[in-house]
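> requesting a structural model of the entry that follows:
(chains A and B)
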Number of protein chains: 2
Amino acid sequence: MTETISGIGEFGLIDRLRTLIQKEGAQTPGVALGIGDDTASIHPREGYEILVTCDSLVEGRHYLPAHTTAFDLGRRAMTVNISDIGAMGGTPLYALVSLGLQGKTPVTDVENMYRGFLRELKPFEASIIGGNITKTNEINFIDITLLGEVEKGKIVRRSTAKTGDSILVTGYPGQAVGGLRLLLESERPDELRDNPLVRAYITPSHRAREGHAIARSGYARAMIDTSDGFLADLGHICEESGVGAVLVQSDLPSNDDLRQAAQLLNQDLYELILKDSDDYELIITCSAVHVEKIRSVIAGVSRTPVTEVGYMTETAGEIRLIFPDGRMRNLQPKGWDHFKK
Amino acid sequence: MTETISGIGEFGLIDRLRTLIQKEGAQTPGVALGIGDDTASIHPREGYEILVTCDSLVEGRHYLPAHTTAFDLGRRAMTVNISDIGAMGGTPLYALVSLGLQGKTPVTDVENMYRGFLRELKPFEASIIGGNITKTNEINFIDITLLGEVEKGKIVRRSTAKTGDSILVTGYPGQAVGGLRLLLESERPDELRDNPLVRAYITPSHRAREGHAIARSGYARAMIDTSDGFLADLGHICEESGVGAVLVQSDLPSNDDLRQAAQLLNQDLYELILKDSDDYELIITCSAVHVEKIRSVIAGVSRTPVTEVGYMTETAGEIRLIFPDGRMRNLQPKGWDHFKK
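Numbering: from 1, shown residues only, chains lettered A, B, ... in the order given. Model prediction:
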């Protein structure tokens, strides 16, 4: 018989997870007190700011249990948060995991989800120091709070882009949402497991190493991750910085996988790249003279491609797309808004 | 027409809440970056540890929309977390609020819930520095992460109780769960709004000021809040400290409200006090010679009653209740376990 959470109870489950984390997790420096008391406690390092972010995944909305394993789901939920820390230029350190679970959930699913969390935390020697488990009747949710650190004065904000800055983007935005749509439209989604776009959806990359290196270099003016979609997040930079942007369509990064998916899905390639979300790439703005510096800083930590796609303008809040024939179009900075239809 | 979240969208709602927090919230020192970027950022104070805790309330399980207003719900959700910080001896500082909401939720409900959060944070000059809003289809949930600080070396754990320690408890555990049951059993719950036990359930007290003062005094050996129930949390102290406990039944704190409720509910008074949860009182253990010191430390910050109810023993994990006639009974440290039936 499958062992369920109702079977072992809340405290039984917490004991199991605590053991798993002690055995399989990293020993992060600075933890004064981990799981097992009313709160966790940390000793912050001198010379560093503490970054804090939280993000949740809700079953049926942010993940489809039929298309992902508990382990991959754990990886993805943690990646989403690591991406936010990286987008400020920081390094992840301490996670708190708050789960809403149905009583019938198998204990091994929860353990495997935790293994997924740890899989993403370990390369940073980051660990889980606390959390909460609560029962829900209908749907499961995962809410993670992640703390990180960044050297004082090195943080890179979204509100500090300047007119004339070059706009860079890492990787290939659009891959994950392409993968999701392929899954949803396929009659045999199981056979798509190894499709690179589907992989990008199930276990997306974060660019936290790149973000941290960029922040340390001091060459970036503004930075954000593409969690709301390329255009929406470029829109956030524009709004918070009081500037506008021009994107050069022919410079937008695409690859064979994206082009094939656009064709299969009967969707405009550039809509796929610009609109919806689910990738966790970085948008970086920097003075035009520092573009090559940023490229070489990123090349120093990974082989992630970096593409220059346009520049910031002084027309606050306006984003324009230049087509190959020279025409221009105003774009609505629209991406993933959970509530709008 | 009622303005709903679907109507103004995720980003519209975030803008509204950000304005509300700026206008009605406290200006907490140490906030380098509040709401509006990929993460928040704080400058920790030298000489302090950072405490972190998270706790969620799920609609239908932890609160009944019919019996509470959005404002009171916000107060309660924040109190639960403040209590955890206080139980370590710390002071709350920075909150992140993660909400799962249905699209049909009225915007004013969310705003009033935030007013409830701020109502509880303000006395500490604590504030909301970030969060996340996500759409759910069926039920609403509130997940709060609260950061606090405590002077280095002053933290009071649950795992450091010693054989022979006196056991103290604040307030009247059992009030809130009594109030909940009165609500559930009543045919006219509306008329119970001013019942003191119902008030204790809807807007429970935390003892964070008392906890912080106790920690600073250095007189406590162990401390925990009663969020899982008096007996269950005393059980946590026993388990983590490797000791046992004896409770003197005639010393357990009760008042007229509790006695009346027990009678109305046809329930044993001591079961009401010891078992279920929903109060956020403190259990403190200290050397017998420091009981009066602890009393006077608490009296220095509030009029919360403090009762000595027993002592710690060397029999690990065993909790016994002494009846007035001298008989003893072994108790199961059983409280609120979400998943166990």
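
> report the separation between A:Leu180 and chain B.
16 Å (C-beta to the nearest C-beta, to the nearest Å). Every residue, glycine included, has its C-beta placed from N, CA and C.

> with A:Ser241 instead?
11 Å.

> would you confirm that that residue contacts A:Met223?
No. Taking C-beta atoms under 8 Å as the definition, A:Ser241 is not a contact partner of A:Met223, at 11.4 Å.

> distance of the residue lying closest to A:His212 once chain neighbours are set aside relative to B:Leu99?
Excluding the flanking residues, the one nearest A:His212 by C-beta to C-beta, 6 or more residues apart in numbering or on different chains is A:Thr91, at 5.4 Å. Between A:Thr91 and B:Leu99 the distance is 28 Å, computed by C-beta to C-beta, to the nearest Å.

> again, but for A:Ala126
Distance, A:Ala126 to B:Leu99, by C-beta to C-beta: 25 Å.

> which residues does the residue nearest to A:His212 bridge with?
A:Glu149 (DSSP bridges).

> that one: neighbour count?
Neighbour count of A:Thr91, defined by other C-beta atoms under 10 Å in any protein chain shown: 21.

> wait, doesn't it sit right on A:Glu210?
No. Using C-beta under 8 Å, A:Thr91 makes no contact with A:Glu210, being 11.9 Å away.

> and stretch A:317-330, which residues are buried?
Residues A:318-319, A:321-322 are the ones in stretch A:317-330 that count as buried (16 or more other C-beta atoms under 10 Å in any protein chain shown).

> how far does the helix or strand where A:Phe71 lies sit from the chain's center?
Following DSSP states H and E, one finds A:Phe71 within helix A:70-87. Here the centre of helix A:70-87 is set off from its chain's centre by 6 Å, with C-alpha atoms, centre = their mean, to the nearest Å.

> can you name every helix or strand that it contacts?
strand A:48-58, strand A:91-101, helix A:107-121, strand A:141-151, helix A:208-217, strand A:222-225 (3 or more C-beta pairs under 8 Å, 6 or more residues apart in numbering or on different chains; DSSP states H and E).

> average pLDDT across stretch A:107-115?
Averaging pLDDT along stretch A:107-115 yields 96.

> could you do stretch A:280-295 as well?
98.

> now the end-to-end length of that stretch.
18 Å (C-alpha to C-alpha, to the nearest Å).

> please apply the same query to stretch A:298-310.
Rule used - C-alpha to C-alpha; the end-to-end distance of stretch A:298-310 is 19 Å.

> what of stretch A:313-323?
End to end - C-alpha to C-alpha - stretch A:313-323 spans 17 Å.

> I would like the residues contacting it, please.
Stretch A:313-323 has contacts (C-beta atoms under 8 Å, 6 or more residues apart in numbering or on different chains) with A:163, A:231, A:234-235, A:238-239, A:242-249, A:270, A:310, A:328-331, A:333.

> going by neighbour count, list what's buried in the longest helix belonging to chain A.
With secondary structure taken from DSSP state H, chain A has its longest helix at helix A:5-24. By 16+ other C-beta under 10 Å, the buried positions in helix A:5-24 come out as A:5-14, A:16-17, A:20-21.

> ok, A:Lys293 to A:Ile283 distance?
17 Å.

> more neighbours: the two, which one.
A:Ile283 (24 against 16).

> distance of the more buried one from chain B?
Taken as C-beta to the nearest C-beta, the span from A:Ile283 to chain B is 11 Å.

> I'd assumed that residue was in a strand, is it?
Yes. Counting by DSSP: H, G, I helix; E, B strand; the rest coil, A:Ile283 is found in a strand.

> partner residues bridging it?
A:Ile283 forms beta bridges with A:Val169, A:Ile224, as assigned by DSSP bridges.

> off-centre distance for stretch A:66-81?
On C-alpha atoms, centre = their mean, the centre of stretch A:66-81 falls 11 Å from the chain's centre.

> stretch A:160-167: which residues count as buried?
By neighbour count on 16+ other C-beta under 10 Å, the buried set for stretch A:160-167 is A:160-161, A:165-167.

> right, I mislabeled it, should have said stretch A:111-122
Buried residues in stretch A:111-122, defined by neighbour count with 16+ other C-beta under 10 Å: A:111-121.

> return the residues in contact with the closest residue to A:Gly86 other than its chain neighbours.
Excluding its sequence neighbours, the residue lying closest to A:Gly86 (C-beta to C-beta, 6+ apart) is A:Ala208, at 2.8 Å. Contact partners of A:Ala208, counting by C-beta under 8 Å, 6+ apart, are A:82-83, A:85-86, A:90-92, A:124.

> could you rerun that using 7 Å?
For A:Ala208, the contacting residues are A:82-83, A:85-86, A:92, by C-beta atoms under 7 Å, 6 or more residues apart in numbering or on different chains.

> contact residues of the stretch 51-200 of chain A facing chain B?
Remark: the part of the stretch 51-200 of chain A in contact with chain B comprises A:51-56, A:58, A:60-61, A:84-85, A:87-88, A:96, A:98, A:100, A:103, A:130-132, A:134-139, A:141, A:143, A:145, A:147, A:155, A:157-158, using C-beta under 7 Å from any C-beta of the partner chain.

> now these: which count as buried?
A:51-56, A:58, A:61, A:84-85, A:87-88, A:96, A:98, A:100, A:103, A:130-132, A:134-136, A:139, A:141, A:143, A:145, A:147, A:155, A:157-158.

> helices of the stretch 201-341 of chain A, start to end?
Assigned helices in the stretch 201-341 of chain A, in chain order: A:208-217, A:230-241, A:256-264, A:269-274, A:291-299 (criterion: DSSP state H, counting those that start in this stretch).

> which elements pack onto the third one?
In this case it means helix A:256-264. helix A:175-185, helix A:196-202, helix A:269-274 (3 or more C-beta pairs under 7 Å, 6 or more residues apart in numbering or on different chains; DSSP states H and E).

> the first one to helix A:70-87, inter-axis angle?
Here helix A:175-185 points in a direction 150 degrees away from that of helix A:70-87 (axes from the mean of the first three to the mean of the last three C-alpha atoms, to 10 degrees).

> quick one: contacts of helix A:175-185?
With contacts defined as C-beta under 7 Å, 6+ apart, helix A:175-185 is touched by A:67, A:189, A:192, A:195, A:197-198, A:200-201, A:204, A:257-258, A:261, A:264-265, A:272, A:276-279.

> apply 6 Å and report the result again.
A:67, A:189, A:192, A:197-198, A:200-201, A:204, A:261, A:265, A:272, A:276, A:278-279 (C-beta atoms under 6 Å, 6 or more residues apart in numbering or on different chains).

> what mean pLDDT does that helix get?
In this model, helix A:175-185 has an average pLDDT of 93.

> just want the angle from it to helix A:256-264.
Going by the same axes, to 10 degrees, helix A:175-185 is angled at 40 degrees with respect to helix A:256-264.

> dump helix A:175-185 to PDB, restricted to CA.
Extracted in PDB, the C-alpha atoms of helix A:175-185 (Å, rounded to 0.1, in the frame of the first residue of the first chain):
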ATOM      1  CA  GLN A 175      11.500  27.900 -25.400                       C
ATOM      2  CA  ALA A 176       9.600  26.900 -22.300                       C
ATOM      3  CA  VAL A 177       6.300  28.300 -23.300                       C
ATOM      4  CA  GLY A 178       6.800  26.600 -26.700                       C
ATOM      5  CA  GLY A 179       7.400  23.300 -24.800                       C
ATOM      6  CA  LEU A 180       4.300  23.800 -22.700                       C
ATOM      7  CA  ARG A 181       2.100  24.400 -25.800                       C
ATOM      8  CA  LEU A 182       3.600  21.400 -27.600                       C
ATOM      9  CA  LEU A 183       2.700  19.300 -24.600                       C
ATOM     10  CA  LEU A 184      -0.900  20.600 -24.400                       C
ATOM     11  CA  GLU A 185      -1.500  20.200 -28.100                       C
END
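
> from chain B, how far off is the closest residue to A:Leu197 other than its chain neighbours?
Nearest residue to A:Leu197, sequence neighbours excluded (C-beta to C-beta, 6+ apart): A:Gly179, at 3.6 Å. Look at A:Gly179 and chain B: by C-beta to the nearest C-beta, they are 21 Å apart.
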